[in-house]
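>>> Next comes the sequence, and after it the predicted model I'd like to discuss.
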Number of protein chains: 2
Amino acid sequence: MNTSLLLQNIGNHVQLDAGEAELLLSLFQPKALKRKAFLLRQGEVCRSENFIAKGCVKVYSLDENGFEHILMFGIEGWWVGDLLSFLTGRESRYHIEALEDTELLQITKPDLDQLYERVPKMERFFRILLQNAFIAHMERINQSLALDAAGRYGEFIRKYPAFGQRIPQKQIAAYLGITPVFLSMLRKKLIEG
Amino acid sequence: MNTSLLLQNIGNHVQLDAGEAELLLSLFQPKALKRKAFLLRQGEVCRSENFIAKGCVKVYSLDENGFEHILMFGIEGWWVGDLLSFLTGRESRYHIEALEDTELLQITKPDLDQLYERVPKMERFFRILLQNAFIAHMERINQSLALDAAGRYGEFIRKYPAFGQRIPQKQIAAYLGITPVFLSMLRKKLIEG
DNA sequence: CGAAAATTTGACATGACTCAACTGGAGTGG
DNA sequence: CCACTCCAGTTGAGTCATGTCAAATTTTCG
């Protein structure tokens, strides 16, 4: 498994020496997920924080009518998990499923606590990660209030151009909060006019 | 200014001894806001984290048509600010305005850094605060995807019963992402059956 | 290659918005 | 304390954005 992306990702925010990097890597376990396999299911407890070394996943809920609502996508270089469940040990309300064959690097809560103890600056790293996620979610709420479906789609494509190629429209629609049929119509209008 | 609510709020998550509590209070400044006064305006830098000792505020953006989009309300016992601006020094995209005469306890970034240094467990406190805010925002995104306007209003009232009495409907509509006219119609239907 | 899923398209239905008129209460100045 | 004004809230008519259903077509994956 390729661990250099993980070290590079962490290196963006904190400096680790060779010994710290080695210790850190020793606490992560690789895990492979086939396309359509689950990293987490609604009702389970999320036991790890997960760095995506390769591939693509979605975090989503299912409503009583069976509709998917996607809270986030994750690709190489991103972290995914259900923080609430991970921290509190409560059952998760979300599914996490691979959209492509995916490779993860996982750390469990005990190992993360150990890491904090032995490399305290990693607390800072995860705090920064959390701050960035919080800010991104705040911005998404703002957009869901301020923009109509066409505007939200435009922002999505502008912000994540790669996703437009890589993720099926149906999934993007479930992220934007519209139906796949309506997204198809929006795209047609965009192209025509 | 009443500081006991602040100590109580912090005490819910970390234990402070008398000396630490005294130091902590010495780093907070009281600030009073009249109804309709601004704690922060779009384009300014958010220079403090703010604990609400009394009163009620809204955090919102204004779009190009002059419509308000409310990201959160805050009442006694809550913290408000623009975290992105506070942490990075960038200009805020949000306004924070008092809905009632309000009393705040403010701490600036330098003083917060000093507090972290002298009372390290306060880092833990603010991390917990951030986690809770993150989780709440995630849940709000999920609801905005999964529920229609009536459902979102129902959840809002269920989750924050006090706000229903205290906050004008127009503001609640701007939080839910619907027009005040439409909210009025939803309430009528709810009451009639 | 063949089956299943994703996407497109069109007709129709509904949720939510706009505009405008009206009502009622809260704040203000005399 | 009254009269006035000004918002917030209500109501109804008409419109627009988005959803539903169903069928045809294309793409993907096994």
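Noted; the coordinates are in hand. Numbering: from 1, shown residues only, chains lettered A, B, ... in the order given.

>>> Show me how chain A divides into domains.
A:4-146, A:147-193 (automatic domain parsing).

>>> contacting residues around residue A:68?
Contacts for residue A:68 (Cβ atoms under 8 Å, 6 or more residues apart in numbering or on different chains) come out as A:60, A:61, A:62, A:174. C-betas here are computed from N, CA, C, even on glycine.

>>> scratch that, residue A:91 is what I was asking about
Residue A:91 is in contact with A:42, A:43, A:44, A:45, A:85, counting by Cβ under 8 Å, 6+ apart.

>>> Can you read off the pLDDT for it?
pLDDT, residue A:91: 98.

>>> just residue A:6 next, same as before
98.

>>> Quick check on residue A:63: phi, psi?
phi -90, psi 180 (degrees, to the nearest 10).

>>> and chain A, which residues reach DNA strand C?
Proximity of chain A to DNA strand C (Cβ under 7 Å from any atom of the strand) is limited to residues A:168, A:169, A:170, A:171, A:180, A:181, A:183, A:184, A:185, A:187, A:188.

>>> got a list of what the last one touches?
Residues in contact with residue A:188 (Cβ under 8 Å, 6+ apart): none are found.

>>> what about it, helix or strand, and which?
For residue A:188, the host element (DSSP states H and E) is helix A:180-192.

>>> Buried residues in that helix, which are they?
A:183, A:186, A:187 (16 or more other Cβ atoms under 10 Å in any protein chain shown).

>>> I'd say residue A:73 and residue A:52 touch.
No: using Cβ atoms under 8 Å, residue A:73 is not in contact with residue A:52; the gap is 10.1 Å.

>>> Among these two, which residue is more densely surrounded?
residue A:52 (24 against 20; other Cβ atoms under 10 Å in any protein chain shown).

>>> Name the SS class of the more buried one, please.
strand (DSSP: H, G, I helix; E, B strand; the rest coil).

>>> can you pull the pLDDT of it?
For residue A:52, pLDDT reads 98.

>>> In the longest helix that chain A contains, which residues are buried?
Across chain A, the longest stretch assigned as helix under DSSP state H is helix A:121-146. Within helix A:121-146, the residues that qualify as buried are A:122-123, A:125-127, A:129-131, A:133-135, A:137-146, counting by 16+ other Cβ under 10 Å.

>>> Equivalent analysis for stretch A:64-81, please.
Those would be A:68, A:69, A:70, A:71, A:72, A:73, A:74, A:75, A:78, A:79, A:80, A:81, for stretch A:64-81 by 16+ other Cβ under 10 Å.

>>> host element of the fourth one?
Secondary structure from DSSP H and E places residue A:71 in strand A:68-75.

>>> any idea of the mean pLDDT for the helix or strand just after that strand?
The first helix or strand that comes after strand A:68-75 along the chain, using DSSP H and E, is strand A:79-80. For strand A:79-80, mean pLDDT rounds to 98.

>>> Now do the very next helix or strand once past strand A:79-80: everything it contacts.
Next helix or strand after strand A:79-80 toward the C-terminus (DSSP H and E): helix A:83-88. Helix A:83-88 is touched from outside by A:40, A:44-49, A:90-92, A:109, A:130, B:131, B:134-135, B:138, with contacts defined as Cβ under 8 Å, 6+ apart.

>>> Just give me the closest of these to residue A:101.
Among the contacts of helix A:83-88, residue A:40 lies closest to residue A:101 (Cβ to Cβ), at 17.3 Å.

>>> That closest one reaches residue A:98, doesn't it?
No: Residue A:40 is not in contact with residue A:98 according to Cβ under 8 Å; the separation is 11.0 Å.
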